[in-house]
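S.K.: The following block contains a protein sequence and its predicted model.
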Amino acid sequence: MKEINIRRKDFETVDGAVKEAVNLVKRGYQEKQVVARISRTLKNIKIPFSAKDVYTAAKLRIKAKEKFGNLSQKLFFDESGYRYSTPALVAEYRAKRLKNYSIADVSCGSGLQLAFFGFFTDATGVELNKKRAYIAKMNITALNSSAEVYFGDAFEYRANEEVIFSDPARPESEEIRTLRGLQPNPIKLAEKFSDKLLAFELPPQMPPERVDRSFSVLGGKIKGEKEYTSIRFRLNRLAFYSGELATCKVSALSLPSGERVTSDDSKAELKNGKIGEILAEVDRTVVHAGLLENLVGKLDIDACIAFRDLRRTVLSVSEVTNSAFLRHYEVVCKAKSLSECREKLEQIGARKVTLRFSIDPEKYWDIRKKLESGLKGDKHIYLFRFDKFIMCTSLTEREWETKNKSGLNNHHAQI
Ligand SMILES: C[S@@+](CC[C@H](N)C(=O)[O-])C[C@H]1O[C@@H](n2cnc3c(N)ncnc32)[C@H](O)[C@@H]1O
């Protein structure tokens, strides 16, 4: 296993080359021209980074703004490393959660998560792909993190650290629902590092029971918390924490707010009910984690299930509650068919219509355009479908309070 060290002057040369390439790309230069210009500057470096790699890193630095904000201007990536790199929001949360332990990140990729670990604690990364191991070290250097990086195989790493963290590589473009095909394989890692605390990223599509079943092949020794993370209302991650790292059996976390609900929160009884005046769509992350009743119990809200299907659970609630796991809507009117919807959309002064029901993606814009065509109002309508179509406007907590204060809460024009 080889520790990766990068000379300061090599770091500066490559960083300078990527910056220059970013400028050239922004000015419209093609790959060939950029590579030709950059090649000379890289002659004497002792790290495996070609002019083509610099070009790729430059393109990804431009793209990375979405995922890493201002940090992106400092970072290095290859294509696959970028796609699977942990977003800063998650990396920071995870590092803070594990900050009291020394950590070995045994599949560190481009080193984003590793860099954040290094901000808070002693952290070492291991990466099987040589170029990516160098990229990880470049990122650690760029971010002034203290983490060390080794080029090698996770299964050959002799760990002194307390926690083994792994965010494994997953097959491309598959909705993975099992641990098969993950590299390094989490079950084999758990077996090898059986005396360590484990923190693993797993495919978020796996429900909690399936995670437990997968680890049960190890004879029931590995038990822990399944933490489902939502980023801005979208299921994004599942982390498994073993032993004393676990705080409960199952949890759901919403980022950036940091709001959490867990299997230890007491459950409310939830019945099916009528579609009331205010609806609350539940973040699918909570439902997938099996924590819907716990969320309603924790928030202590007056709620019943208005409708649910495989993708959506919508509650009828009596008021708007401040929770990142809920999106509130005010029901404006209902319709039996899309043509009736179109008529009513005009009457209620709609302009935009977002479809909030399962629909063949190819038909989405067709239907939406038909509904929106000729609308001259100013309202943005969210159209749900259960046994009827339900037209709603979104309702924030602030709007709700204002409505309550001005006594306008008796507003449901029944069209
Ligand atoms: C999803 S990426 C990790 C991303 C990382 N968390 C980040 O923030 O950039 C997974 C990485 O595991 C590496 N890998 C796969 N099998 C490995 C093994 N046996 N030992 C070490 N690294 C491995 C892959 O090369 C890949 O770069």
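M.R.: The structure has been received and is ready for your questions. Numbering: from 1, shown residues only.
S.K.: so which residue of the stretch 1-150 of the chain comes closest to the ligand?
M.R.: Closest to the ligand within the stretch 1-150 of the chain is residue 109: 2.7 Å, counting by C-beta to the nearest ligand atom. Glycine gets a C-beta too; all of them are placed from N, C-alpha and C.
S.K.: Okay, that residue and residue 218: tell me how far apart.
M.R.: 25 Å (C-beta to C-beta, to the nearest Å).
S.K.: Tally up the residues packed near residue 191, please.
M.R.: 14 (other C-beta atoms under 10 Å).
S.K.: And for residue 378?
M.R.: Residue 378 has 9 nearby residues by other C-beta under 10 Å.
S.K.: quick one, helices of the stretch 51-200 of the chain?
M.R.: 51-63, 65-68, 79-83, 88-97, 112-120, 130-142, 186-192 (DSSP state H, counting those that start in this stretch).
S.K.: related to what we said a few turns ago, compare residue 109 and residue 218 (neighbour count), which wins?
M.R.: Of the pair residue 109 and residue 218, residue 109 is the one with more neighbours under other C-beta under 10 Å, namely 29 against 14.
S.K.: was I right about that one contacting residue 168?
M.R.: No. Under the criterion of C-beta atoms under 8 Å, residue 109 is not in contact with residue 168, lying 9.6 Å apart.
S.K.: for the protein, what helix or strand is lowest in average pLDDT?
M.R.: Between all helices and strands in the chain, the lowest mean by mean pLDDT, DSSP states H and E belongs to helix 397-405, at a mean of 76.
S.K.: Tell me which residues of it come out buried.
M.R.: 400, 403 (16 or more other C-beta atoms under 10 Å).
S.K.: counting contacts, what elements does that helix pack onto?
M.R.: The helices and strands touching helix 397-405, judged by 3 or more C-beta pairs under 8 Å, 6 or more residues apart in numbering; DSSP states H and E, number zero.
S.K.: in the stretch 201-350 of the chain, which spans are helices?
M.R.: Under DSSP H, counting those that start in this stretch, the stretch 201-350 of the chain gives helices at 208-215, 284-288, 292-299, 338-347.
S.K.: In a markdown table: those, plus distance to the ligand and mean pLDDT.
M.R.: Listed next are the helices of the stretch 201-350 of the chain as a markdown table, based on distance: least, C-beta to the nearest ligand atom, whole Å; pLDDT from 0 to 100:
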| stretch | distance to the ligand | mean pLDDT |
| --- | --- | --- |
| helix 208-215 | 18 | 93 |
| helix 284-288 | 20 | 97 |
| helix 292-299 | 28 | 98 |
| helix 338-347 | 42 | 95 |
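S.K.: Save the ones you listed as a markdown table, and put in distance to residue 41 too.
M.R.: Listed next are the helices of the stretch 201-350 of the chain as a markdown table, based on distance: least, C-beta to C-beta, whole Å:
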| stretch | distance to residue 41 |
| --- | --- |
| helix 208-215 | 48 |
| helix 284-288 | 46 |
| helix 292-299 | 55 |
| helix 338-347 | 59 |
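S.K.: Could you find the closest non-adjacent residue to residue 355?
M.R.: In this structure, residue 355 finds its nearest non-sequential neighbour in residue 383, 5.4 Å apart by C-beta to C-beta, 6 or more residues apart in numbering.
S.K.: and the angle from the host helix or strand of that neighbour to helix 338-347?
M.R.: Secondary structure from DSSP states H and E places residue 383 in strand 379-385. Strand 379-385 and helix 338-347 meet at an angle of 160 degrees, taking axes from the mean of the first three to the mean of the last three C-alpha atoms, to 10 degrees as the criterion.
S.K.: what's the next secondary structure element after strand 379-385?
M.R.: strand 389-394.
S.K.: Mind listing residues that contact that following strand?
M.R.: Residues from elsewhere that reach strand 389-394 (C-beta atoms under 8 Å, 6 or more residues apart in numbering): 275, 279, 327-338, 340-341, 344-345, 348, 350, 379-384.
S.K.: Perfect, I'm done here.
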